[in-house]
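# I'd like to go over a predicted model; first the sequence, then the structure.
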Amino acid sequence: MAGHEIPEPADRKQVADPGSEPRTVGESRPSCDPAFRHGVVVGFDGSMSSERALAYAIGMAHRHGSGLIIVHVANRLPTTVWAGCEPPVFVDVPDHRTEVLGLELACADYLTEVPWVLVERGGDICHELEEVGREYSADAIVVGSTHGLVGRIFGSVAGRLARRAQRPVIVIP
């Protein structure tokens, strides 16, 4: 999380060489922490439905003895360059909500039962949840259902994710 230093444990092994070259844009993301492989991915934005999904995912991870990967997808707004008729470009909007959610989760007593990590992404929610699930080889993706008018008109995240995901999707009402 930006702006917050989390000290490394003293017994942690060094993963990367400090003198190594930084990655270029075309390179893939670094491999994820092996402790969270085959964990449970849960989409979380602080809403009531995502809190219910988080509670279910905590229980599921605890029962399976796996880690919990909490994913918050930050806002990205599409903008189009009209003069050159170029394809849409996504602009990152500063989203301090991830920092707030991270602090709330860090202070939560109910997360002491399982190891967890908060992952921030930007873009399409369905794509990012599936991408995180693929990176961590997740056993399942847990999301809350949408009860609003917008979800009925444009389709809910849960519905779109269930149709296209390559792993089990659990929708919590």
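Here it is on my side, so go on. None of the values given here were measured: they were computed from a predicted structure.
# The host helix or strand of I70 - contacts with which helices or strands?
In this structure, I70 sits in strand 68-74 according to DSSP states H and E. In terms of contacts (3 or more CB pairs under 8 Å, 6 or more residues apart in numbering; DSSP states H and E), strand 68-74 is packed against strand 40-43, helix 48-64, helix 97-107, strand 116-122, helix 125-135. From N, CA and C alone the C-beta is placed, and that goes for glycine too.
# Give me the distance between G144 and L101.
Remark: distance between G144 and L101 (CB to CB, to the nearest Å) = 14 Å.
# The two - which one has more neighbours?
G144 (24 against 20; other CB atoms under 10 Å).
# contacting residues around the more buried one?
43, 47-53, 158, 171-172 (CB atoms under 8 Å, 6 or more residues apart in numbering).
# Just the pLDDT for it.
With respect to pLDDT, G144 has a value of 91.
# for the one 3 residues further on, same thing?
With respect to pLDDT, H147 scores 67.
# now swap in V81 and tell me
45.
# repeat for E99
We have a pLDDT of 76 for E99.
# Then the one 5 residues further on?
Among the per-residue scores, E104 shows a pLDDT of 83.
# V42 now?
V42 carries a pLDDT value of 96.
# what is it paired to in the beta sheet?
I70, V142 (DSSP bridges).
# Am I right that it is in contact with A55?
No: under the criterion of CB atoms under 8 Å, V42 is not in contact with A55, lying 9.5 Å apart.
# Just want to know which of these two has more residues nearby.
V42 (29 against 14).
# list the contacts for that one?
50, 53-54, 57, 68-71, 141-143.
# In space, what's closest to A162 - neighbours in sequence excluded?
Of all residues not flanking A162 in the chain, V169 sits nearest, at 4.5 Å (CB to CB, 6 or more residues apart in numbering).
# Repeat that for P168.
Closest to P168 by CB to CB, 6+ apart is A140, at 4.5 Å.
# and the one you found, how far is that from A165?
For A140, the distance to A165 - CB to CB - is 9 Å.
# ok, now R134?
From R134 to A165 the distance is 10 Å (CB to CB).
# of those two, who's got more company?
Ranked by neighbour count (other CB under 10 Å), R134 and A165 place A165 first, with 18 against 13.
# Next, count neighbours for the nearest residue to the more buried one once chain neighbours are set aside.
Spatial nearest neighbour of A165, excluding adjacent residues (CB to CB, 6+ apart): E130 at 5.3 Å. By other CB under 10 Å, 20 other residues sit near E130.
# what sits against E130?
Counting by CB under 8 Å, 6+ apart, E130 makes contact with 141, 161, 164-167.
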